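**Student:** okay, predicted coordinates and the sequence, questions at the end:
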Amino acid sequence: MNFEKMKLFLDLHEKKLILYARQWCICPEDVVQDALLELIRKKLNPEENLAWLYRVIRNKAISEYRRKIPLATEQHLENLWFEANTNENLDSRRAQEVLQELDESMREVIVLKIWSELSFDEIASVTGFSKSESHRRFQQGIEMLRQKMGLS
Amino acid sequence: MNLEKQLASLDLRKSALDREQLFFQLGKSQTSRLPQARAFLAGAFIACLPWLMMISASKNLPLSNGFSQEIPSPVEKNPYSILALGRVFLETGELPQSEILDSQPFEQGAEPRENRLFLQQPDQFLEQP
């Protein structure tokens, strides 16, 4: 892994990794930074070990969440996931609220599928669900989002 | 446009990692092989040390001399050494005449001349009364 490859990897995945960690903690940058440092120390190729990297981030973010007091609603709202008003058809703030109302496992699968663009095989290896279970939770989550946003 | 595509089109919030630290760690991990190479070279040198000492002793060279210095030939270093005389003997089939030794009187009780030839330097011998 050279510097140029690492730079390209960060340009492509930095925000996605941070969004994934943001589901659990208010300082997702620290968690992702730690996970990337661990990856570098182990001399792993990030592109080939993307699922491993997400799993490390997941473990670190969840342990961070458990160690600290769960976020208050105000902090959750301040902890924005998306840039404001980027989509005319969908309010980013509303999308975040609805996602946060979802069951954690469904939200996690949706984030990994839609923004991280992982396959269901990779999602299964990150979350520990089976491939079919991951797919089922994704479909259920999308359906619930549609209902909550009044799109069905 | 379905919901999945609409969600995917949302721009993720800008966040920045400490890239300097990551690149520093990356550089560090790439240069961490140097200590292993150093240890290997040190081991190889230690393993070769007896052989080097043997070579050095056989050539009558001081160990403190660096290899960059020109190694003096046995004849230049000590014209009356065994090696120098041996080389002359191998080339000519005769031992060189040593007028210096022959010109000195042979004292009674002194070592035989042949032994003195090898044990004493000519200069030291000349300084003796």
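**Tutor:** Received, thanks.
**Student:** can you give me every residue that contacts residue A:34?
**Tutor:** Shown in contact with residue A:34 (CB atoms under 8 Å, 6 or more residues apart in numbering or on different chains): residue A:60. No exception for glycine: its C-beta is placed from N, CA and C like everyone else's.
**Student:** after the helix or strand hosting it, which helix or strand is next?
**Tutor:** Per DSSP states H and E, residue A:34 falls inside helix A:28-41. Proceeding N to C from helix A:28-41, the next assigned helix or strand is helix A:50-67, under DSSP H and E.
**Student:** how about that following helix, which residues are buried there?
**Tutor:** Buried residues in helix A:50-67, defined by neighbour count with 16 or more other CB atoms under 10 Å in any protein chain shown: A:50-58, A:60-62, A:64-65.
**Student:** which one is residue B:7 nearest to, not counting chain neighbours?
**Tutor:** Counting by CB to CB, 6 or more residues apart in numbering or on different chains, the nearest residue to residue B:7 once its immediate chain neighbours are dropped is residue A:114, at 5.2 Å.
**Student:** could I get the buried residues of helix A:50-67 as JSON lines with pLDDT and distance to residue B:29?
**Tutor:** Shown next, in JSON lines, are these (pLDDT from 0 to 100; distance: CB to CB, whole Å):
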{"residue": "A:50", "pLDDT": "93", "distance to residue B:29": "19"}
{"residue": "A:51", "pLDDT": "93", "distance to residue B:29": "21"}
{"residue": "A:52", "pLDDT": "95", "distance to residue B:29": "17"}
{"residue": "A:53", "pLDDT": "95", "distance to residue B:29": "16"}
{"residue": "A:54", "pLDDT": "95", "distance to residue B:29": "21"}
{"residue": "A:55", "pLDDT": "95", "distance to residue B:29": "21"}
{"residue": "A:56", "pLDDT": "95", "distance to residue B:29": "17"}
{"residue": "A:57", "pLDDT": "95", "distance to residue B:29": "20"}
{"residue": "A:58", "pLDDT": "94", "distance to residue B:29": "24"}
{"residue": "A:60", "pLDDT": "93", "distance to residue B:29": "20"}
{"residue": "A:61", "pLDDT": "92", "distance to residue B:29": "24"}
{"residue": "A:62", "pLDDT": "91", "distance to residue B:29": "27"}
{"residue": "A:64", "pLDDT": "87", "distance to residue B:29": "25"}
{"residue": "A:65", "pLDDT": "84", "distance to residue B:29": "29"}
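**Student:** which one of these sits closest to chain B?
**Tutor:** residue A:57 (11.9 Å; CB to the nearest CB).
**Student:** contact partners for the closest one?
**Tutor:** Here residue A:57 is in contact with A:17, A:20-21, A:31-32, A:35 (CB under 8 Å, 6+ apart).
**Student:** give me the contacts around the helix or strand containing residue A:139.
**Tutor:** According to DSSP H and E, residue A:139 maps onto helix A:131-148. With contacts defined as CB under 8 Å, 6+ apart, helix A:131-148 is touched by A:98-99, A:101-103, A:105-107, A:109-110, A:113, A:120-121, A:123-124, A:127, A:129, A:152, B:3-4, B:7.
**Student:** recalculate using a threshold of 10 Å.
**Tutor:** With contact meaning CB atoms under 10 Å, 6 or more residues apart in numbering or on different chains, helix A:131-148 is reached by A:94-95, A:97-99, A:101-103, A:105-114, A:118-130, A:151-152, B:2-4, B:7.
**Student:** pull out the buried residues from those residues.
**Tutor:** Looks like the contacts of helix A:131-148 have A:95, A:98-99, A:102, A:105-114, A:118, A:120, A:122-127, A:129, B:3, B:7 buried, using 16+ other CB under 10 Å.
**Student:** just those: which are in helices?
**Tutor:** A:95, A:98-99, A:105-114, A:120, A:122-127, B:3, B:7 (DSSP state H).
**Student:** where is the longest helix in chain B?
**Tutor:** Per DSSP H, chain B has its longest helix at helix B:34-58.
**Student:** close to chain A, is that one?
**Tutor:** No: under the criterion of CB under 10 Å from any CB of the partner chain, chain A is not reached by helix B:34-58; the shortest gap measures 13.6 Å.
**Student:** that helix: which residues count as buried?
**Tutor:** Under 16+ other CB under 10 Å, helix B:34-58 has no buried positions.
**Student:** element containing residue B:30?
**Tutor:** Residue-wise, residue B:30 maps onto helix B:19-31 under DSSP H and E.
**Student:** if anything else comes up later, I'll come back, but that's it for now.
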